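# Everything below, folded, please.
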Amino acid sequence: KKETVSKIEYEDVTHKLQMLTVEMEQVTRDGEEISEMKAITLKRLEAAVEQVHVKDEQVAQLEHTLGSLRSQLAASEESRHAAVTEERACAEVAREAQLRLEAKEAECVQLLREQEGMSRQLEDL
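Alright, predicted model coming up:
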């Protein structure tokens, strides 16, 4: 009887050991799959980090370009303002010159009339 019990216990333990071995093999395969997935995830993460660095560099370059364009725009605005100011000053000088010209023309007309008047007076004498 004892032998039969021991044999049954032995078979039971052997079966349990086989089941544990199968489970351990599955756990080992699962661990390997997890390791592979971790490696793939790590590579993806490294690639994403590299892309972020590239984008950071692009953003820095664009910010530099934008700053340069803002400086150029400010300089253009200053230049335009100076040109408008100069144009207004020139227009004012031109108006003053036109007024002086008109005054001189009126003076010439007046002098011509006076000359004609004197010429008639001389002829009358």
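# center of this structure - which residue?
Residue closest to the average C-alpha location in the chain (C-alpha atoms, centre = their mean): residue 62, at 4.5 Å.
# Who are the contact partners of that one?
Contacts for residue 62 (C-beta atoms under 8 Å, 6 or more residues apart in numbering) come out as none. For glycine as for every other residue, the C-beta is placed from the backbone atoms N, C-alpha and C.
# Show me what the mean pLDDT comes to for the helix or strand encompassing it.
Using DSSP states H and E, residue 62 maps to helix 2-124. Per-region confidence: helix 2-124 scores 94 on mean pLDDT.
# to the chain's geometric centre, what's the distance from it?
0 Å (C-alpha atoms, centre = their mean, to the nearest Å).
# I'd like to know how far residue 38 sits from residue 45.
Look at residue 38 and residue 45: by C-beta to C-beta, to the nearest Å, they are 10 Å apart.
# What of residue 76?
From residue 76 to residue 45 the distance is 46 Å (C-beta to C-beta).
# what's the answer for residue 52, then?
Here residue 52 is placed at a distance of 10 Å from residue 45 (C-beta to C-beta).
# ok, now residue 61?
As for residue 61, its distance to residue 45 is 25 Å (criterion: C-beta to C-beta).
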